[in-house]
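1. turn this into a structure:
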Amino acid sequence: MALMNDESHEHSKETQNQLRAIQILDAFTEAKDVYVIIFKTKNNPITKEMAFNRVMPLSDEGYLISMHSEWICHGMYYEQKQSIQLMRDEIIEVYQKDKNEYDFIVYTD
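-> Residues are numbered from 1 along each chain as shown. Below you'll find the predicted structure:
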């Protein structure tokens with residue numbers, strides 16, 4: 001009985017996180033701060049995370065979520081773009097990234 005209540009509580013927490021994520025995405029357009037989305041697509045059961053700063057709602061209950069960065073270093077202009085299209089039921093959670101948290105980027109081909 002306790003196990004069933006724990007599972008029910010966990011499912012309720014996941015649902016609350018998903019509803020909060022949908023509310024954030026519905027109100028989101030573009031931000032200077034970085035947000036993180038946790039998702040699991042229908043064709044890939046692995047849970048993934050992606051940093052983003054732009055959201056475009058799509059007409060079919062989905063979102064185009066993207067990260068766009070621009071910077072100049074030693075006179076060179078750099079631009080980074082990445083995006084993913086997600087349906088509402090693929091979204092697990094959204095949170096704002098802590099600016100004071102240590103972060104590093106790994107570039108792969």
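
2. only C-alpha atoms from now on, for both contacts and neighbour counts.
-> Noted.

3. how about low-confidence regions in the protein?
-> 1-11, 102-109 (pLDDT under 70).

4. switch to 80 and redo it
-> For the chain, the stretches flagged by pLDDT under 80 are 1-14, 31, 98-109.

5. ok, now which ones touch the residue positioned nearest the centre of the chain?
-> Centroid-nearest residue in the chain, with C-alpha atoms, centre = their mean: I37, separated by 1.5 Å. Contacts of I37 were listed using C-alpha atoms under 8 Å, 6 or more residues apart in numbering, and they are E49, M50, A51, F52, I91, I92, E93, V94, Y95.

6. apply 6 Å and report the result again.
-> E49, M50, E93, V94 (C-alpha atoms under 6 Å, 6 or more residues apart in numbering).

7. how about the helices in this protein?
-> For the chain, applying DSSP state H gives helices covering 2-27.

8. straight-line length of stretch 31-46, end to end?
-> 27 Å (C-alpha to C-alpha, to the nearest Å).

9. follow-up on the earlier one: show me what the residue nearest to the centre of the chain is bridged to.
-> Assessed by DSSP bridges, I37 has beta-bridge partners M50, V94.

10. so how far is I24 from it?
-> 11 Å.

11. got it, and H74?
-> Counting by C-alpha to C-alpha, the gap from H74 to I24 is 37 Å.

12. kindly report the same for F52.
-> Taking C-alpha to C-alpha as the criterion, F52 is separated from I24 by 12 Å.

13. who has more neighbours out of those two?
-> F52 (26 against 15; other C-alpha atoms under 10 Å).

14. which of the contacts of I37 has the largest number of neighbours?
-> Going by other C-alpha under 10 Å, V94 tops the contacts of I37 with 24 neighbours.

15. wouldn't that residue be in contact with A21 here?
-> Yes. Judged on C-alpha atoms under 6 Å, V94 makes contact with A21 at a distance of 4.9 Å.
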